[in-house]
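In: requesting a structural model of the entry that follows:
(one chain, ligands or ions: 2)
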Amino acid sequence: STTTPVVQVQYIEYKWQQPRRHVLHHAAKHILSVRRLTRSCVVSLIHRYPKCPDPKRALGLIAHTDSGFFTFVLQSLVPGLQLFRHGPDRWVTVPAVPGAMVVNVGDLFQILTNGRFHSVYHRAVVNRDSDRISLGYFLGPPAHVKVAPLREALAGTPAAYRAVTWPEYMGVRKKAFTTGASALKMVAISTDNDAANHTDDLISS
Ligand SMILES: O=C(O)CCC(=O)C(=O)O
Ligand SMILES: [Fe+2]
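Out: Ligands and ions are numbered 1, 2, ... in the order given. Alright, predicted model coming up:
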């Protein structure tokens, strides 16, 4: 039998301005209400990265953003997940904390929050001495659900993205991958929108 879990949204980053907390709250409520209406929409992947004698010359997983709402990553005790940070531009290794899950924001969450939350550009590097294993749980909407910027995220500003389903967006990403374009920009409504251009900046840098 199934029970409805009691979910509490906790704000880890207290420095966030009130409008952003408000958007996070509504986005979380929205995702939970979509989940309640439908069956599971979690995809899981297990990665195994064999040890590599010359890690500088190989990459475990090419730099990318994830497509769904969130990705939950469990790493083995060998770190390898890296996030791209600006100012100065650099790759930051996420420490492998036993029992800890890393939560990455994905492209559809950026669309849902009209760019108030940015999907994280990340990659996986390999280790010289040890194999590495990671588990990824990709949370997104069921295939038929259109994702569009939430009214609460707009607050008087125009929508930066058109509505897309997860499979539609995967199709756009596939096209973007072959042409070197940005998938988020391809579903953006206005090209002079900062939020929509954000990922482009990352990819070109
Ligand atoms: O291996 C990792 O830590 C990252 C995996 C990942 O980014 C992915 O599966 O999308
Ligand atoms: Fe990823």
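
In: enumerate the residues of the protein near ligand 1.
Out: 45, 47, 61, 66, 71, 73, 75, 80-81, 122, 124, 134, 136 (CB under 6 Å from any ligand atom). Bear in mind the C-beta positions are built from the backbone N, C-alpha and C, glycine included.

In: cutoff 8 Å now
Out: 45, 47, 49, 60-61, 64, 66, 71, 73, 75, 80-81, 94, 102, 104, 122-124, 132, 134, 136, 138 (CB under 8 Å from any ligand atom).

In: gap between His122 and Thr93?
Out: The gap separating His122 from Thr93 is 11 Å, by CB to CB, to the nearest Å.

In: quick one: which of those two has more around it?
Out: Neighbour totals were compared for His122 and Thr93, and His122 leads with 21 against 11 (other CB atoms under 10 Å).

In: mark which of the residues of the chain next to ligand 1 are part of strands, please.
Out: 45, 47, 49, 61, 64, 71, 73, 75, 81, 102, 104, 122-124, 132, 134, 136, 138 (DSSP state E).

In: hmm, which of those are the buried ones?
Out: 47, 49, 61, 64, 71, 73, 75, 81, 102, 104, 122-124, 132, 134, 136, 138 (16 or more other CB atoms under 10 Å).

In: now do the longest helix along the chain against strand 132-139, angle only.
Out: Longest helix in the chain, counting residues (DSSP state H): helix 18-37. Orientation check (axes from the mean of the first three to the mean of the last three CA atoms, to 10 degrees): helix 18-37 against strand 132-139 gives 80 degrees.

In: for helix 18-37, buried residues please.
Out: 20, 23-24, 26-27, 30-31, 34-35.

In: which of those residues sits closest to Trp166?
Out: Nearest to Trp166 out of the buried residues of helix 18-37 is Val34 (CB to CB; 11.1 Å).

In: and the gap between Arg85 and Thr71?
Out: With the distance defined as CB to CB, Arg85 ends up 18 Å from Thr71.

In: what of Ser130?
Out: 23 Å.

In: got it, and Leu81?
Out: 10 Å.

In: let me see the contact set for Gly103.
Out: Rather than Gly, residue 103 is Val. Val103 is in contact with 70-73, counting by CB atoms under 8 Å, 6 or more residues apart in numbering.

In: residue nearest the centroid of the chain?
Out: Centre of the chain computed as the mean C-alpha position; nearest residue by CA atoms, centre = their mean is Gly106, 1.8 Å away.

In: isn't that one up against Val73?
Out: No: Gly106 is beyond contact range of Val73, at 11.6 Å (criterion: CB atoms under 8 Å).

In: picking that back up, now do the shared contacts for His122 and Thr93.
Out: Common neighbours of His122 and Thr93 (CB under 8 Å, 6+ apart) are 81-82.

In: in stretch 67-86, which residues are buried?
Out: For stretch 67-86, the buried set under the neighbour-count rule, 16+ other CB under 10 Å, comprises 67-71, 73-76, 78-82, 84.

In: same check, this time on stretch 138-146
Out: By neighbour count on 16+ other CB under 10 Å, the buried set for stretch 138-146 is 138-141, 145.
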